[in-house]
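Q: pasting a predicted model and its sequence here:
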Amino acid sequence: MHLVIIGNGITGVTCALAVRRLRPDARITLVSSESAHHYSRTALMYVYMGHLRPQDIKPYEDWFWDENRLGLVHATATALSTAENLLTLDNGTTLTYDNLLLATGSESKLYGWPGQHLAGVQGLYNLPDLAAMTRDTSGISRGVVVGGGLIGVELAEMLHTRGIEPVVLVRDAHYWASVLPPEEANLVDQQFQKNHVPVRYNTELREILGDGLGRVRAVVTTAGEEIACQWVGLATGVTPNLTLANTSTIETDRGILVDAHLRTSVANVFAAGDCAQHREPAAGEVPIEQLWYTGRLQGETVAHTICGQPTPYRRGIWFNSAKFFNLEYQTYGRAPAGPTAGLDSFYWEHPSGRAALRVYFRAAAPHAVVGFNALGLRLRQAMCEQWLRAQTPVPTVMAQLGAANFDPEFFPQHEKAMVAAFNRQFPQQLVVLKQRKGLFARHWSPST
Ligand SMILES: Cc1cc2nc3c(=O)[nH]c(=O)nc-3n(C[C@H](O)[C@H](O)[C@H](O)COP(=O)(O)OP(=O)(O)OC[C@H]3O[C@@H](n4cnc5c(N)ncnc54)[C@H](O)[C@@H]3O)c2cc1C
């Protein structure tokens, strides 16, 4: 069996490794246009900020691929004929396959703004983007970041660490309004303020102005403000990369359409990760998942089907994590940004604004917990998932919160204050916290 995988991102590489494990005899070829070897896309920002060197974000040594008989081709697949099981590459060669996995990822979404093709205007998705950003922000004093989501705050932090003033444009009234409730967004806003990052809320990009020599010199916002800058980061989302799929007869919509087994409309062609769109996502799940862990999960799942063990994709309980400057964020389960019929939520915030917890639960008895947001706190994933799976009533979760405290050595425990706040907000479901012996005492040794 010859498996060809287009894309050596987390999805493609996970699939390759799983197939190698399941079918030691398989021939496996990974084709990638971006880099000779797999690297961690999520760590791009740390290279720019100087925390890591480019070689530090490669999870495998260069000898690993030969050792595991994984063929690497550093080229772009430009055409796909599913009738002939044939790929054409831009290096003048062709490849045939028995099974094909399209793991082509995403590309930055641009909205056709005037001036978006000027030098110094870009998204951040891949290594060429990182190289362009490094080059074009060298020695500049101000960059404008368009977009109030995860990549927007990353870009702001990246510029900030190099002493460049980032000005952030956020379309909504608060940061990441589609995901975060206003209270959580306010804590992120405090991070912007502490780091002296100006943010324009309720403001969009209208136009990017050039200097007459093809370089950006300013942006104009929908509020009519002209902001002088030497660089613009467009962080307004990503879209599945369909370039190769669209050279074939494979059915696509916003992404490459796949069934529950991640199979496309052509029987021996699969798609997984950022580029795939589930025809029938499970209840409460989205058709296109653009996350590192879902890419890994899909890569592992599709490997089983390719190896003759048909396995439907099951995402399991949703989670995500990120960092907003110094504020860590985790979310588990169902955690909507605004009021939702049938759900209540309890919210606690530390007076310093450096930590917060929100617990979502069903309004109807027995008030099963459905989701969590944590900022500045680390929760144990296994514990949260256990509570969510068991539909644990919120008073039980509140009484056991300490069990989810991930690293008590470093973070002071806040359970007592959280329970007190819960009892104030929901007196009808009063939680009596039994102080376990040593529970609070153990964190106050002089060494910590
Ligand atoms: C800056 C940044 C930070 C992120 N941070 C997080 C995070 O903290 N947490 C999180 O969960 N997610 C994060 N993400 C999203 C996450 O990185 C992606 O969901 C994940 O990398 C997608 O993996 P993938 O393997 O499906 O696709 P990709 O990683 O995009 O890999 C696809 C590869 O295929 C190659 N390719 C495409 N077409 C062809 C072709 N025709 N021929 C040859 N090669 C081709 C591409 O060049 C690319 O290298 C981040 C993304 C970015 C850009």
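A: Arrived safely, thanks for sending.

Q: so what's whichever residue of the stretch 1-150 of the chain sits closest to the ligand closest to, chain neighbours aside?
A: Here the stretch 1-150 of the chain gets closest to the ligand at one residue, residue 105, 2.0 Å apart by CB to the nearest ligand atom. Any C-beta I mention is one placed from the backbone N, CA and C, and that applies to glycine too. The shortest distance from residue 105 to any residue other than its chain neighbours is 4.6 Å, reached at residue 274 (CB to CB, 6 or more residues apart in numbering).

Q: what kind of secondary structure is that neighbour in?
A: helix (DSSP: H, G, I helix; E, B strand; the rest coil).

Q: same deal with the one 3 residues further on?
A: When the structure is reduced to helix, strand and coil (three-state DSSP), residue 277 reads as strand.

Q: so residue 143 touches residue 164, yeah?
A: Yes - Residue 143 is within contact range of residue 164, at 5.5 Å (criterion: CB atoms under 8 Å).

Q: give me the common contacts of the two.
A: Residues within reach of residue 143 and of residue 164 at once, by CB atoms under 8 Å, 6 or more residues apart in numbering, are 137, 231.

Q: who has more neighbours out of those two?
A: Set residue 143 next to residue 164 and count neighbours by other CB atoms under 10 Å: residue 143 wins out with 26 against 19.

Q: could you give the bridge partners of that one?
A: Residues in a beta bridge with residue 143, per DSSP bridges, are residue 166, residue 231.

Q: look up how far the ligand lies from the residue most central in space within the chain.
A: With distances taken as CA atoms, centre = their mean, residue 291 lies nearest the centre of the chain, 4.3 Å away. Using CB to the nearest ligand atom, to the nearest Å, residue 291 is found at 4 Å from the ligand.

Q: neighbours around residue 32, how many?
A: Per other CB under 10 Å, the neighbour tally for residue 32 reads 24.

Q: residue 4 is in contact with that one, correct?
A: No - using CB under 8 Å, residue 32 is not in contact with residue 4, being 11.6 Å away.

Q: quick check: residues of the stretch 51-200 of the chain near the ligand?
A: Within the stretch 51-200 of the chain, the positions adjacent to the ligand are 76, 77, 103, 104, 105, 106, 124, 125, 151 by CB under 6 Å from any ligand atom.

Q: what residues does the third one make contact with?
A: What it means is residue 103. By CB under 8 Å, 6+ apart, the residues touching residue 103 are 5-7, 9, 11-12, 15, 271-273, 275, 295, 299.

Q: one step back: tell me, how many residues neighbour the residue nearest to residue 105?
A: Residue 274: 28 surrounding residues under other CB under 10 Å.

Q: verify the stated contact: it with residue 106.
A: Yes - between residue 274 and residue 106 there is a contact at 4.3 Å, judged by CB under 8 Å.

Q: who touches both of these two?
A: The contact sets of residue 274 and residue 106 overlap at 238, 240, 241, 290 (CB under 8 Å, 6+ apart).

Q: quick one: residues contacting the first one.
A: For residue 238, the contact set (CB under 8 Å, 6+ apart) comprises 106, 107, 108, 109, 123, 125, 274, 290.

Q: mind listing the strands for the stretch 1-150 of the chain?
A: Ranges of strands within the stretch 1-150 of the chain are 2-6, 27-32, 70-74, 77-81, 86-89, 94-96, 99-102, 106-108, 121-122, 142-146, based on DSSP state E, counting those that start in this stretch.

Q: distance between the ends of stretch 231-250?
A: Terminal residues of stretch 231-250 are spaced 38 Å apart (CA to CA, to the nearest Å).

Q: next: stretch 247-264.
A: For stretch 247-264, the end-to-end distance is 14 Å (CA to CA).
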